[in-house]
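Undergrad: below is the structure, and that's it, no one-letter string:
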């Protein structure tokens, strides 16, 4: 008989009051229930089997394989398996560990050393890299399924919070100046990038250095380049008068809007420079060849993403950064510009005369200044 039951019996023998008996029995039952609950604290989750994974050994093996000064697997295998070079990986590793205490190694309630930041980040990157389920990383990294999932969610949030102000933003004035300089060197002064729609649900703008400056995802369906363009926010800031101011001159003509290279299906807007489908004469033939050659850069950018899935490196490459970062890309709830000004800007963007004049100026500029670049 348990101690609490003996206590109940003893009290009943010494008291003749039924009310007192009921009260004391209830109190004894409460004490017994509390005692059972206290015994369960510190145990494993009901229905879950405890697995001793030897986390310390898992960390040591992972460190020796990839992080040590003389790792088992060299730089080429590291890049192949993590889809980025080791310095970039270590930069992300250090940044997330300093940013979120979740990635800092600690001692758990059982006085055992917890998972290291290296193990949590590696598990998350393996899922991103290979698309494997969460428990597929357990055997090598020594990390449970639920912890892998949590690590993945945490690192995605941390990367956005750490690198968002620098990389997840629209181009500012300094960026535009750099893009203009790149465009001028290639024979296209005033060029901001190359507009491309690789699938029916994604519109994007990229530059030669593999920066993707604009990405617009839309629902699939009966969509093409034209109606995706009409839904796109690519020129929204320009229409609202909020885009950085630009000025450049080609063949004596002044322009106040940058442009993107695009293929022939797009409309004849002042902000789009298309190829010439059936060029006549040496100048126009040369322009068409140059425009199509430069436009290949955006296809190269997506070729890198599709073949090696190196999106993380494209976002946070320490050797390629733009100073004086602009504002984060986020929905704006500010009051829009005056309606008349908005309509005027909107009409400037869609001005066909400016489109054709700009194309003619670029034909002459290429022929006069870069006659041998695309031969």
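TA: In hand now; what should we look at? Predicted model only: the values in this text are computed from it and were never measured.
Undergrad: so where's the stretch 51-200 of the chain uncertain?
TA: Where the stretch 51-200 of the chain drops to pLDDT under 70, the residues are 194-200.
Undergrad: confirm residue 52 sits in a strand?
TA: No: assigned with DSSP: H, G, I helix; E, B strand; the rest coil, residue 52 falls outside any strand and is coil.
Undergrad: and the longest helix along the chain, what does it pack onto?
TA: Looking across the chain with DSSP state H, the single longest helix is helix 282-308. For helix 282-308, the packing partners by 3 or more C-beta pairs under 8 Å, 6 or more residues apart in numbering; DSSP states H and E come out as strand 191-199, strand 202-206, strand 259-262, helix 311-316, helix 352-369. Quick note: C-beta positions are derived from backbone N, CA and C, even for glycine.
Undergrad: ok, residue 265 - how many residues close by?
TA: For residue 265, the neighbour count with other C-beta atoms under 10 Å is 11.
Undergrad: give me the element it is part of.
TA: Secondary structure from DSSP states H and E places residue 265 outside every helix and strand.
Undergrad: check contacts around residue 375.
TA: Residues in contact with residue 375 (C-beta atoms under 8 Å, 6 or more residues apart in numbering) are residue 286.
Undergrad: tell me how far residue 104 lies from residue 98.
TA: 9 Å (C-beta to C-beta, to the nearest Å).
Undergrad: re the thing from before, ranking the helices and strands packed on helix 282-308 by mean pLDDT, which is last?
TA: With a mean of 37, helix 311-316 has the lowest mean pLDDT of the helices and strands packed on helix 282-308.
Undergrad: what comes up buried for the helix or strand just after that helix?
TA: Counting by DSSP H and E, the element after helix 311-316 in chain order, helix or strand, is helix 339-349. Residues 345, 348-349 are the ones in helix 339-349 that count as buried (16 or more other C-beta atoms under 10 Å).
Undergrad: now stretch 357-364
TA: 357-363.
Undergrad: which residues touch it?
TA: Counting by C-beta under 8 Å, 6+ apart, 187-188, 190, 250-251, 253, 255, 259, 270, 273-274, 276, 283-284, 287 sit against stretch 357-364.
Undergrad: list the buried residues for the helix or strand that contains residue 154?
TA: Using DSSP H and E, residue 154 sits in helix 145-167. Residues of helix 145-167 classed as buried: 147-152, 154-155, 158-159, 162-163, 167 (neighbour count, 16+ other C-beta under 10 Å).
Undergrad: great, nothing more from me.
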